[in-house]
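**Q** got a structure for you, letters missing:
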């Protein structure tokens, strides 16, 4: 789907210094300063319109949440959702997921969420998938010991690919669901995409934990 560019999106983002982090590179190794505390840091890569991350932040005030997007027009939609809320444990930033090491120090993040990432279905685009080996290596660097990734997708082939790459790169897989809507044992906050499309087929979910040593 073609991204619709919003005029002056960055200017509108920058006008809200409550949620928007204009220079995220300045917080590498010290994201606690962005929140004013040393609580655990959870990162959502690709937050869409912000429903998932804002609900998590509301439910868990003892956890710091950072939602990132590559494009300002997308992130603006998330800001619009939360701008009138009081969520001191939530921040938004424009960060390209391929450059995570430029923004996070080694073992600085506790948990990463990958919700309905672009599956890049063509084989020659496999390296762009957010669960390809190069991305998994960057996650390993920034995640703390025993840190984890929670992934959800509606794309079966992408899910199978992710299971394979996590397994081949030494991650510990757990809580795998082949139909999240029918899995009452796993707590789930839905995304906008999930609410719209989950009736058309199953949602797949996994947890992958970083192996120490």
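**A** Noted; the coordinates are in hand. From a predicted model like this one, the values you see are computed outputs, not experimental measurements.
**Q** Longest helix in the protein, please.
**A** helix 156-168 (DSSP state H).
**Q** three-state assignment of the most centrally placed residue in the chain?
**A** Taking Cα atoms, centre = their mean, the centroid of the chain lies closest to residue 44, which sits 2.0 Å from it. Following DSSP: H, G, I helix; E, B strand; the rest coil, residue 44 is assigned to strand.
**Q** Surely it touches residue 69?
**A** No - using Cβ atoms under 8 Å, residue 44 is not in contact with residue 69; the gap is 9.3 Å. In short, each C-beta sits where N, CA and C put it, glycine included.
**Q** Could I get the buried residue list for the longest helix of the chain?
**A** Across helix 156-168, burial judged by 16 or more other Cβ atoms under 10 Å covers 158-159, 161-163, 165-166.
**Q** Mind listing residues that contact that helix?
**A** Residues from elsewhere that reach helix 156-168, judged by Cβ atoms under 8 Å, 6 or more residues apart in numbering: 117, 119-121, 126, 129, 131-133, 136, 149, 151, 153, 173, 176, 202, 204, 206, 208.
**Q** could you show me where the helices are in this structure, in order?
**A** With DSSP H as the criterion, the chain has helices at 9-14, 32-35, 51-59, 72-82, 133-142, 156-168, 192-197.
**Q** coming back round to it: CSV for the buried residues of helix 156-168, including distance to residue 85?
**A** Listed next are those as CSV, based on distance: Cβ to Cβ, whole Å:
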residue, distance to residue 85
158, 32
159, 32
161, 36
162, 32
163, 36
165, 36
166, 34
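**Q** Sort out which one of those lies nearest residue 180 for me.
**A** Lowest distance from residue 180 to the buried residues of helix 156-168 (Cβ to Cβ) belongs to residue 159, with 11.0 Å.
**Q** so what does the longest strand anywhere in the chain touch, helix or strand wise?
**A** In the chain, assigned by DSSP state E, the strand with the most residues is strand 143-153. With contacts defined as 3 or more Cβ pairs under 8 Å, 6 or more residues apart in numbering; DSSP states H and E, strand 143-153 has these neighbours: strand 109-115, helix 156-168, strand 204-209.
**Q** how far does that strand sit from the chain's center?
**A** The chain centre lies 10 Å from the centre of strand 143-153; the measure is Cα atoms, centre = their mean, to the nearest Å.
**Q** Return the helix or strand in the chain with minimum mean pLDDT.
**A** Sorted by mean pLDDT, DSSP states H and E, the helices and strands of the chain end with helix 192-197, the least confident at a mean of 88.
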